[in-house]
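Chemist: Build me a structure from this.
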Amino acid sequence: MRVHVTELKEGDRLSHDTFNSYGLNVLSKGTELFASEISRLFQHQLDYVEIERRVVEQPPGRTIESTLSPKWLPAVEPVYQDAINGCQQLFMNALQSGKVAEEEVVATFQPLVDTFKTERDVVSMLLLLNTKDDYTYQHSVQVGMLAYYLSSWLGYEEEQAVKIGQSGFLHDIGKCQIDNDILNKPDRLTEQEFEEIKRHTIYGNTIILNSFGESISATVALEHHERMDGSGYPYRINGDQIHPVSKIVAVADVYSAMISSRVYQKKRDLLFVLKELYRMSFNELDPFTTHTFIKHMIPNFIGKQVELVSGEFGTIIMTHPSEFFRPLIQIKDDFVDLTQDRSLEVKQVFM
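Modeler: Take a look at the predicted model:
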């Protein structure tokens with residue numbers, strides 16, 4: 001079936017080789033289309049492509065909330081929940097014995113990697129799975145997953161990326177020694193309570209040292225709140241003093257914390273979160289690591305509905321490789337390139 005590129009859906013599969021106006025093969029027959037592939041078609045200024053007939057069409061009038069397959073959530077939600085439960089058990093074991101068992105970390109985290117590593121829409125994935133319950137454990141799971149993705153995007157080999165993901169998964173293990181009344185306090189922390197919260201980095205470092213000895217995971221547990229400008233904790237180190245993997249987990253940690261819905265924090269608009277990360281990349285977070293994260297997250301917004309500051313509503317058709325927050329928007333039959341029209345910007349993305 002022949003469709004306009006603006007009508008493509010993630011999961012569509014090309015039935016023919018696709019060439020641009022210069023005869024260059026852009027995508028081959030059989031290619032499954034996701035955000036990056038659809039973006040490539042736009043970049044080559046293609047209008048129509050031939051795709052295999054869709055088995056299931058989108059129900060008429062349905063608002064697009066996610067580009068994920070309808071079969072996706074029931075299949076992966078149990079794996080995600082098992083990881084949260086496994087994380088809780090690790091925290092309990094660490095509290096009781098002061099250690100975690102490496103085989104238990106692998107047994108809890110590896111199913112996540114095996115299940116999620118082919119899922120490209122990380123934005124929708126985390127939103128659909130995110131709940132208000134078990135914040136500490138859920139946050140650990142999310143940071144582990146995001147650290148795995150981000151390290152892969154930065155060029156780490158699979159085995160290294162998995163290890164980095166495990167380090168992200170364990171980054172907050174020291175919170176097992178923080179009183180739950182402080183961890184889950186709905187009001188502003190006192191200065192004394194915040195000082196206690198900050199000690200989770202030292203507690204976590206000690207637990208992992210006692211468990212594995214010197215390791216990346218121990219370093220990450222200690223350094224994931226350190227900042228490039230020296231404003232972090234516990235030791236206010238800065239720049240190259242911070243381990244590269246700690247910089248990866250720091251980005252994942254901030255992103256997960258900001259998208260989470262907690263009793264004292266409303267879940268923020270995702271574009272706002274990415275803009276905030278971008279702002280932090282100029283002083284607090286490592287710029288290259290942060291920009292790599294944003295560059296790979298932004299294409300997941302393709303196909304999402306947006307509201308512009310003008311009050312108009314449209315759909316993100318294409319994202320820009322460097323002007324992250326100025327995509328190409330389709331408004332009814334018109335296309336607005338926000339890199340050209342500087343008077344407009346996206347106010348909100350509807351997930």
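Chemist: okay, the closest residue in space to residue 212 that isn't next to it in sequence: pLDDT?
Modeler: Take residue 212 and drop its neighbours on the chain: the residue closest to it by C-beta to C-beta, 6 or more residues apart in numbering is residue 102, 6.2 Å away. Just so you know, the C-beta spots here come from the backbone N, C-alpha and C atoms, and that holds for glycine as well. Residue 102 carries a pLDDT value of 93.
Chemist: Same question for residue 78.
Modeler: Per-residue pLDDT puts residue 78 at 86.
Chemist: Roughly how far does it sit from residue 186?
Modeler: Using C-beta to C-beta, to the nearest Å, residue 78 is found at 30 Å from residue 186.
Chemist: who's more crowded, those two?
Modeler: Using other C-beta atoms under 10 Å as the criterion, residue 78 and residue 186 rank with residue 78 on top: 11 against 8.
Chemist: Check which helix or strand the more buried one maps to.
Modeler: helix 72-97 (DSSP states H and E).
Chemist: Which elements pack onto that helix?
Modeler: With contacts defined as 3 or more C-beta pairs under 8 Å, 6 or more residues apart in numbering; DSSP states H and E, helix 72-97 has these neighbours: helix 102-116, helix 122-129, helix 135-153.
Chemist: sorry, back to before: and the residue nearest to residue 212, how many neighbours?
Modeler: For residue 102, the count of nearby residues is 14 (other C-beta under 10 Å).
Chemist: thinking it is in contact with residue 215, fair?
Modeler: No: using C-beta atoms under 8 Å, residue 102 makes no contact with residue 215, being 9.5 Å away.
Chemist: Now do stretch 334-342: distance from first to last residue.
Modeler: Terminal residues of stretch 334-342 lie 17 Å apart, using C-alpha to C-alpha, to the nearest Å.
Chemist: who wins for proximity to residue 44 among the helices and strands packed on helix 72-97?
Modeler: Among the helices and strands packed on helix 72-97, the nearest to residue 44 by C-beta to C-beta is helix 135-153 (23.0 Å).
Chemist: Quick check: residue 103 vs residue 147, distance?
Modeler: Residue 103 is 20 Å from residue 147, by C-beta to C-beta.
Chemist: Buried residues, stretch 189-202. List them.
Modeler: 193, 196-197, 200-202 (16 or more other C-beta atoms under 10 Å).
Chemist: do stretch 325-339 as well
Modeler: Residues of stretch 325-339 classed as buried by neighbour count (16+ other C-beta under 10 Å): 325-329, 336, 338.
Chemist: Mind jotting down where the helices sit in the stretch 251-351 of the chain?
Modeler: Applying DSSP state H, counting those that start in this stretch to the stretch 251-351 of the chain gives helices spanning 270-280, 287-297.
Chemist: out of those, nearest to residue 31?
Modeler: Nearest of these to residue 31, taken as C-beta to C-beta: helix 287-297 at 19.3 Å.
Chemist: May I see the buried residues of that closest one?
Modeler: Judged by neighbour count (16+ other C-beta under 10 Å), helix 287-297 contains these buried residues: 289-294, 296-297.
Chemist: same question, stretch 213-225
Modeler: By 16+ other C-beta under 10 Å, the buried positions in stretch 213-225 come out as 215-225.
Chemist: can you tell me which of the helices and strands packed on helix 72-97 the model trusts least?
Modeler: Among those, helix 122-129 carries the lowest mean pLDDT, at a mean of 68.
Chemist: closest to residue 137 among the buried residues of stretch 213-225?
Modeler: For those, the nearest to residue 137 is residue 221 (15.7 Å; C-beta to C-beta).
Chemist: Excluding covalently adjacent residues, which one is nearest to the closest one?
Modeler: Distances taken as C-beta to C-beta, 6+ apart place residue 204 nearest to residue 221, at 3.4 Å, with adjacent residues excluded.
Chemist: That neighbour - how many residues pack around it?
Modeler: 26.
Chemist: Please apply the same query to the one 4 residues further on.
Modeler: Residues near residue 208, counting by other C-beta under 10 Å, number 29.
Chemist: One more: residue 170?
Modeler: Neighbour count of residue 170, defined by other C-beta under 10 Å: 30.
Chemist: Same check on residue 7?
Modeler: Around residue 7 there are 10 other residues, counting by other C-beta under 10 Å.
Chemist: ok so, going back, for residue 278, state which of the buried residues of helix 287-297 is nearest.
Modeler: Taking C-beta to C-beta as the measure, residue 278 sits nearest to residue 294 out of these, at 6.1 Å.
Chemist: Tell me the spacing between the closest one and residue 323.
Modeler: 11 Å.
Chemist: same deal with residue 148?
Modeler: Look at residue 148 and residue 323: by C-beta to C-beta, they are 27 Å apart.
Chemist: When these two are compared, which one has more neighbours?
Modeler: Between residue 148 and residue 323, counted using other C-beta under 10 Å, the more crowded position is residue 148 (28 against 12).
Chemist: residues in contact with the residue nearest to that one when sequence neighbours are not counted?
Modeler: Nearest residue to residue 148, sequence neighbours excluded (C-beta to C-beta, 6+ apart): residue 165, at 3.1 Å. The neighbours of residue 165, taking C-beta atoms under 8 Å, 6 or more residues apart in numbering as the test, are 109, 112-113, 144-145, 147-148, 151.
Chemist: again, only this time at 6 Å
Modeler: Residue 165 makes contact with 144, 147-148, according to C-beta atoms under 6 Å, 6 or more residues apart in numbering.
Chemist: for those, which one is nearest residue 52?
Modeler: Distances from residue 52 to these, taken by C-beta to C-beta, are shortest for residue 148, at 31.2 Å.
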